[in-house]
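Engineer: Predicted model and sequence follow; I will ask about them next.
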Amino acid sequence: MMEAVSKPVNNVPVPSKILAVLMVIVVEMMFFGGLISAYVLASAGQTDWPPANQPRLPFPVTFGNMILLLLSLIPLWQFIKFVRKGELKKSLWLTVMLTGTVFFIVQGYEWFRILLFGMHTGRGLFSSFFYTLIGVHGFHVFAGLVLMWYVYRRLGSDISVAEKRIDAQMAGLFWTFVVLLWPVLYYLTYWV
């Protein structure tokens with residue numbers, strides 16, 4: 001008796017670039033999961049969290065900045081939809097890069113202001129966790145912007161439409177991860 005062999009639904013393998021970004025995202029989720037767990041455990045052992053002697057965090061400015069970052073997903077997903085159809089709407093990609101850059105600059109400015117008000121890593125556990133969580137996320141925002149710039153430059157090259165599609169999806173996956181991580185970090189550090 002012959003056994004039935006299941007065939008893949010679609011014979012197209014997952015492109016290596018997409019698979020690599022998915023693996024990076026899984027590793028980053030574990031990394032941020034560890035940081036967030038350490039933060040939650042440290043805060044659970046404190047009676048006053050964040051400490052009263054810390055400068056006030058810029059809640060409204062950062063909330064508006066978070067909304068801007070979340071809104072960057074709309075043109076990103078529209079862009080990827082167009083690229084899948086073989087159309088290149090580079091203006092949508094520029095919109096994503098612009099909103100990401102504005103987010104990065106505003107966060108950097110707010111970080112600088114917080115430093116001027118006296119919140120630095122030597123002031124205690126809260127400020128150390130704050131700068132670690134927000135700083136590592138900022139690094140990921142910067143990395144996402146560099147990746148998008150790389151993809152943007154390749155969109156104008158003579159590579160195949162399939163390669164352009166894969167590049168756009170790769171950058172889109174990473175940017176979506178970075179954007180969706182921010183509300184969690186914002187809630188933990190600015191809101192709670």
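Structural biologist: All right, it came through fine. Model, not experiment: these values are computed from the prediction.

Engineer: what does the worst-scoring helix or strand of the chain on mean pLDDT contact?
Structural biologist: Within the chain, judged by mean pLDDT, DSSP states H and E, the helix or strand with the poorest mean is helix 73-84; its value is a mean of 86. Outside helix 73-84, the residues that touch it by C-beta atoms under 8 Å, 6 or more residues apart in numbering are 88-89, 92-93, 95-96, 99, 164-165, 168-169, 172, 175-176, 179. In short, each C-beta sits where N, CA and C put it, glycine included.

Engineer: The longest helix along the chain to helix 73-84, inter-axis angle?
Structural biologist: Under DSSP state H, the helix in the chain containing the largest number of residues is helix 125-155. Per axes from the mean of the first three to the mean of the last three C-alpha atoms, to 10 degrees, the angle that helix 125-155 makes with helix 73-84 is 30 degrees.

Engineer: Packing partners of helix 125-155?
Structural biologist: Other elements packing on helix 125-155 under the criterion 3 or more C-beta pairs under 8 Å, 6 or more residues apart in numbering; DSSP states H and E are helix 16-44, helix 90-116, helix 161-186.

Engineer: Can you give me the neighbour number for G124?
Structural biologist: Number of residues near G124 (other C-beta atoms under 10 Å) recorded here: 16.

Engineer: Give the rounded mean pLDDT of the longest helix of the chain.
Structural biologist: Summarised as a single mean, pLDDT over helix 125-155 is 92.

Engineer: returning to that earlier point: ok, and for the least confident helix or strand of the chain, which residues are buried?
Structural biologist: L73, P75, L76, F79, I80, F82, V83 (16 or more other C-beta atoms under 10 Å).

Engineer: Nearest to R123, out of those residues: which one, please.
Structural biologist: Proximity of the buried residues of helix 73-84 to R123, judged by C-beta to C-beta, is greatest for L73, which lies at 34.6 Å.

Engineer: so where's this structure uncertain?
Structural biologist: Along the chain, segments meeting pLDDT under 70 span 1-12.

Engineer: May I have stretch 22-30 exported as CSV, CA atoms only?
Structural biologist: Below are the C-alpha coordinates for stretch 22-30, written out as CSV (Å, rounded to 0.1, in the frame of the first residue of the first chain):
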residue,chain,number,x,y,z
LEU,A,22,11.6,36.5,10.7
MET,A,23,14.4,34.8,12.6
VAL,A,24,15.8,38.2,13.7
ILE,A,25,12.3,39.3,14.9
VAL,A,26,11.9,36.1,16.9
VAL,A,27,15.3,36.7,18.6
GLU,A,28,14.4,40.3,19.2
MET,A,29,11.1,39.3,20.8
MET,A,30,13.0,37.1,23.2
